[in-house]
Structure formats: C-alpha cells, structure tokens
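> Need coordinates for the following:
(chains A and B)
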Amino acid sequence: MLDARISLLRRFAAHGLPRADDGPPEEVRDEDWPIVIDQLGGERLTGIAVAAARDGRLLLTELQARTLLDRHRESMLVALALERRLLEVADAFAHEGIDLVVLKGPAMAHTFYPDPSWRNFGDLDLLVPTNRWERALRVVQEAGFTRDTPEPRPGFDVRFGKAATHTDARGLVLDLHRTLAEAPFGMWLEPDRLFERTRTFTLGGVELRRLDDTAAFLHACVHASLGSRQLLLPLRDVGQIATSGSVDWDVAARLVDRWRLRAVVRHSTETLASKLGVELPAPAQAIARGPVSKGELRALEAFATSRRDSGGEAMAAIWGLPGVRPKAAYVRALVFPQRRFLDARGQRSYASRWLIPLRWMSTKGRS
Amino acid sequence: MSVHIRRAPQVLWRSVGVEVILADRRRSDFELLSGSGGAVWRALSEPRTLEDLVETLAAEHGVEPASIEGDVRQLVGTLSARGFVEEATGDA
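Residues are numbered from 1 along each chain as shown, chains lettered A, B, ... in the order given. The predicted model follows:
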C-alpha cells in the first residue's frame, strides 16, 4: 500500500499540470485515508487535493471530504495569519528603507497558482540585501520575532549564511534570507543581484516585491533540489512556474551558466518528470541538458544524497569557498562557535561541543 | 452615478471549498463565510451594484431575485460594517 499511497500523493501534487498520464479519477480506501490525509498535510498539498476533488479527479466519501476541508481550513488560517504578519513586517522594512523580496509561499500563491488556496505554506521567507542584514535582523526582532539559533560566530551570517529562522509568540515562523541556498550555491548565485530581478504583486492592498518569473523558476529548482526535505510541493512549484509563468528561457539559460545552477536545474526537472510525470517546456529541457561541471555535480551530491546527513553540506561549503582564508574562517566558525550558539543548541558535554556545529549544519533549514 | 459594492483592498482571504475565510489586515480575528456568504464573496470578484449582485446570485442558484434580496442586503450590510466590503461610486 505504501507504493499506492506514494503514487496517489504524486498524482495530487501534479493536479492541473500537463501530464503524460492523467489516468482515471482516484479513490482512497477508508483504511488508508488517515495516513493519506496526514501526508497531504505534511506535504502541504491539501489545497491542491481540494482542487482535485472539486475537479472530479479525486473521489471522496462525505467523511473524507469533510476531514480534508477541516485540514485545509487549518492550513489556510495559518497562511492568512502569516500574510497578516508579512504586511506588518513589510511595513516596518519600508519604514527603515530596507529592500525586501518575498520568496516562495505568499509570492507563489498569489502569482503562479490558479487560486491562492491551492498553495499552502507554513512560514515566511523574506530576502534582504546583505549590506542591510544586521538592521533587518533588528527590524524582525522589533516586530516580535525571536531568532531560533544565533549565528555560530559573529559575521558568519553575512559571509557564509543563507537565512536566519525566527519565531513569534504565536509560533509563526519567518526565515530572513540573505541568499537562496547554502554555500556554495548561495554564493554562486550573486544574492544581491537578485534584487535586479524582481516584480511586484499586491497583497491586502499593499504592493510587495517578489522574484520575477525567471528568477522564481530558478529559485524553485534550488528549493526542490537543495531543500533538506525532499517534498513534493517545491517540485510542483517548478512545474507550476514553468508552465504558467512567463519565464524568459534565454535569460534563464544565461543565469544558469553564471550562477552555476545547471546541475540543480537538471536534477529538479528530472525529478519532476520521474516523480510527478510532468514534462517541462522544450527550452527548460534544453537548459537542463547542457554541460555540467564536476564542481557543480559534487556540490549537488552533498545536498541531494545521503552525504548531506554526514556533514556533506559543510564539506561542500568548504570546498566551494574561494581561497584559504574564507575556508579557514568557515571551519573556525564550525569548530569554535560562540558560547551563545552552543547554549542555544543545548551543549551537554565537552565532546558534544564538537558535534553541535556539524549537527546544526546537517539539520538547519529542515523547518 | 451608481453605487457599487467591492471587496475592501486590505482584506486577505482564502476559499476552503464553498466557504471563504476573511482576515482584515488591521485586526487579529477571522471571519468565516459559509455557503451563501461564500457565494456573495465570490460574486464580488468584480465590483457590482446590489441589484446586479442579487441578480447574479439568483441566476447562479436558480431562484427569484426577490426571494434572496433581503438576505443578500443583510449580509452585505454586515460585511460592510466589519470593513470587508466597501461602497464605490461610479463604474467601478
């Protein structure tokens, strides 16, 4: 039954996208439903499942339909609470004159999907320029968020970091980003130039910035392949943007070269085809087929294979950093982190001190 | 000049089946519109006069406009009082 449930989830995840094989409408046995509904929630696919049921692709009993709507309502309450917080924080950033780009959740929901209710999300992801990082951290904290884990050493964030996770008193989570991925990919993709690749969208009467369709496609590929949990929704995002957005494939091809993302785009598009059965437009496939350097492949393997759980991510960052001094600074931060970092991670013994940074490297970003 | 009813721009919302959840960005609570309330909200995807709104909903549900006008008027009044919809004079 495991295979059948996986197949079912994948079909839900692809609902509404052009697929080679749509097959007959799906039914779920009552004995499987509790697991399926939990998996739909965990994969943040309840919105797409509701759409599939409405479109006759998912045949539910009355009880199943009711539990699906109950679960989806909970998700949408979280999404609305997050959007309300987003508008508060965006207002604070505007007041401070700090550029802000909304990534993923709300930007995806209100831009690329047929209806925002299709796209669940459980946190906010906001990109700010590196040179405003410290001020941006203070703005987020003044807005009522607390950083979950301090940086390993002062200056780590702006040199090597991807994002800092914050939580507010109600448990709403905000990831403040400096770039879109961990090193080395996060450095390769020129984070501050992302601000040149933005468009606006309107939320609650407020104009906000998001990545333009081309950069959003590349970010979706990054998230789908380098994210620490191999979820179906990021893959769906790749297909959603590629098929409903206005991606400039020539620009995408140039950015893929410059940002060293070909291995990532290839991995995500191949996974999209194999798991969701979705074939991307020919220009996207052409980008994915281009030559990939050994360095990119090596870095990708550190994220997308079991090497990730044994320090692969840290090793990829060390390998990818240019020059001896940055490598040394990175290693020093991991081996001799500041006390606050260790305390936040629950230091228990002298020996465990050495394991904390590596555990942090292998688990951060899994929220 | 006719008076149109429209969704207030500061309102965040989501569909959940036939229901609609509303969230005013200036408050911390939520409003849940079930069946007919959700239908009214969806019909306001574009600004409409009250008459147009009633006729649209009546046609959608196969009933006489007069039979739902009172309910629609009352619901619009409630939504207006809570700041979820607002009046606009003119064509939009």
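> What lies in contact with stretch A:31-49?
Residues from elsewhere that reach stretch A:31-49, judged by C-beta atoms under 8 Å, 6 or more residues apart in numbering or on different chains: A:1, A:4-5, A:8-9, A:12-13, A:15-16, A:28, A:58, A:64, A:67-68, A:71-72, A:75-76, A:117-122, A:231-233, A:236. Yep, even glycine has a C-beta here, placed from its N, CA and C like the rest.
> next one: phi and psi at A:Ile35?
The phi and psi torsions at A:Ile35 (degrees, to the nearest 10) take the values phi -70, psi -40.
> pLDDT score for A:Leu2?
pLDDT for A:Leu2: 61.
> So, low pLDDT: which residues of the chain?
No chain specified, so I'll use chain A. A:1-2, A:20-21, A:307-311, A:347-367 (pLDDT under 70).
> was after chain B, sorry
Applying pLDDT under 70 to chain B flags the ranges B:1, B:90-92.
> sorry, back to before: can you tell me which of the contacts of stretch A:31-49 end up in helices?
Among these, the ones falling in helices (DSSP state H) are A:4-5, A:8-9, A:12-13, A:64, A:67-68, A:71-72, A:75-76, A:232-233, A:236.
> Those residues also near chain B: which ones?
Under the cut-off given by C-beta under 8 Å from any C-beta of the partner chain, chain B has A:72, A:76 from the ones in helices among the contacts of stretch A:31-49 close to it.
> Show me which of the ones in helices among the contacts of stretch A:31-49 is closest to chain B.
Chain B lies nearest to A:Met76 out of the ones in helices among the contacts of stretch A:31-49, by C-beta to the nearest C-beta, at 4.1 Å.
> Tell me which residues touch that closest one, please.
A:47, A:117, A:120, B:14, B:16, B:21.
> Now that we have the residues you listed, can you turn them into a markdown table and tack on neighbour count?
What follows is these, written out as a markdown table (neighbours: other C-beta atoms under 10 Å in any protein chain shown):
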| residue | neighbour count |
| --- | --- |
| A:Gly47 | 26 |
| A:Ser117 | 24 |
| A:Asn120 | 25 |
| B:Arg14 | 24 |
| B:Val16 | 25 |
| B:Ile21 | 21 |
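> Can you tell me the closest non-neighbouring residue to whichever residue of chain A sits closest to chain B?
Going by C-beta to the nearest C-beta, chain B is nearest to A:Gly205 of chain A, at 3.2 Å. Leaving out its chain neighbours, the residue that sits closest to A:Gly205 by C-beta to C-beta, 6 or more residues apart in numbering or on different chains is B:Pro9, at 3.2 Å.
> ditto for A:Val173
In space, A:Val173 comes closest to A:Asp123 once its chain neighbours are excluded; the distance is 3.9 Å by C-beta to C-beta, 6+ apart.
> ok so, going back, just flag the most distant two among the contacts of A:Met76.
A:Asn120 and B:Ile21 (13.3 Å; C-beta to C-beta).
> Select the longest helix from chain B.
Counting by DSSP H, the longest helix found in chain B is helix B:65-81.
> got the buried residues for the next helix-or-strand element following that helix?
Using DSSP states H and E, the helix or strand that follows helix B:65-81 in sequence is strand B:85-89. Buried residues in strand B:85-89, counted by 16 or more other C-beta atoms under 10 Å in any protein chain shown: B:85-86.
> One more: stretch B:63-77?
Residues B:68-69, B:72, B:75-76 are the ones in stretch B:63-77 that count as buried (16+ other C-beta under 10 Å).
> What residues sit buried inside stretch A:115-130?
Buried residues in stretch A:115-130, counted by 16+ other C-beta under 10 Å: A:116-121, A:123-129.
> hmm, back to that, if any of the contacts of stretch A:31-49 are buried, give me the ChimeraX selection for them.
A single ChimeraX command suffices to select whichever of these are buried according to 16+ other C-beta under 10 Å:
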select /A:8,9,12,13,15,16,28,58,64,67,68,71,72,75,76,117,118,119,120,121,231,232,233,236
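> Would you agree the residue nearest to A:Val173 is in contact with A:Leu82?
Yes: assessed by C-beta atoms under 8 Å, A:Asp123 is found in contact with A:Leu82 at 6.9 Å.
> Could you tell me which residues make contact with A:Lys275?
Shown in contact with A:Lys275 (C-beta under 8 Å, 6+ apart): A:10, A:13, A:232, A:235.
> measure the residue lying closest to the third one once chain neighbours are set aside to A:Arg209 for me?
Yep, that's A:Leu232 we're talking about. Nearest non-adjacent residue to A:Leu232, counting by C-beta to C-beta, 6+ apart: A:Ala13, 3.9 Å away. Distance of A:Ala13 to A:Arg209, given as C-beta to C-beta, to the nearest Å: 28 Å.
> do A:Val28 as well
From A:Val28 over to A:Arg209 the distance is 40 Å, taken as C-beta to C-beta.
> Would you list the phi and psi of whichever residue of chain B sits closest to chain A?
Taking C-beta to the nearest C-beta, chain A has its nearest neighbour within chain B at B:Pro9, 3.2 Å off. Torsion angles at B:Pro9 (phi, psi; degrees, to the nearest 10) stand at phi -60, psi -20.
> Tell me, how many residues neighbour it?
For B:Pro9, the neighbour count with other C-beta atoms under 10 Å in any protein chain shown is 12.
> pretty sure it contacts A:Leu203?
No: B:Pro9 lies out of contact with A:Leu203 (C-beta under 8 Å); the separation is 9.9 Å.
> Now A:Val206. Nearest residue, chain neighbours left out?
A:Leu87 (5.6 Å).
> about what we covered before: quick one: which of the contacts of A:Met76 is nearest to B:Val54?
B:Ile21 (23.9 Å).
> Show me how far the helix or strand where the closest one lies is from its chain's centre.
Using DSSP H and E, B:Ile21 maps to strand B:19-24. Centroid separation for strand B:19-24 versus its chain: 11 Å, with C-alpha atoms, centre = their mean, to the nearest Å.
> Toward the C-terminus, what is the element adjacent to that strand?
Tracing the chain past strand B:19-24, the next element assigned as helix or strand by DSSP H and E is strand B:31-33.
> Report all helices and strands that that next one contacts.
Judged by 3 or more C-beta pairs under 8 Å, 6 or more residues apart in numbering or on different chains; DSSP states H and E, strand B:31-33 is in contact with strand B:19-24.
> Partner strands of the strand it packs on and their direction?
Strand B:19-24 pairs in its sheet with strand B:11-16 (antiparallel), strand B:31-33 (antiparallel), by DSSP bridges.
> Go through those and pick out the most buried.
strand B:11-16 (a mean of 23; mean count of other C-beta atoms under 10 Å in any protein chain shown).
> Mind exporting the C-alpha coordinates of that one to CSV?
Backbone C-alpha positions of strand B:11-16 (Å, rounded to 0.1, in the frame of the first residue of the first chain) are rendered in CSV as follows:
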residue,chain,number,x,y,z
VAL,B,11,-8.8,42.2,3.2
LEU,B,12,-6.9,38.9,2.9
TRP,B,13,-9.0,35.8,2.1
ARG,B,14,-9.0,32.2,1.1
SER,B,15,-11.5,29.8,-0.3
VAL,B,16,-12.0,26.5,1.6
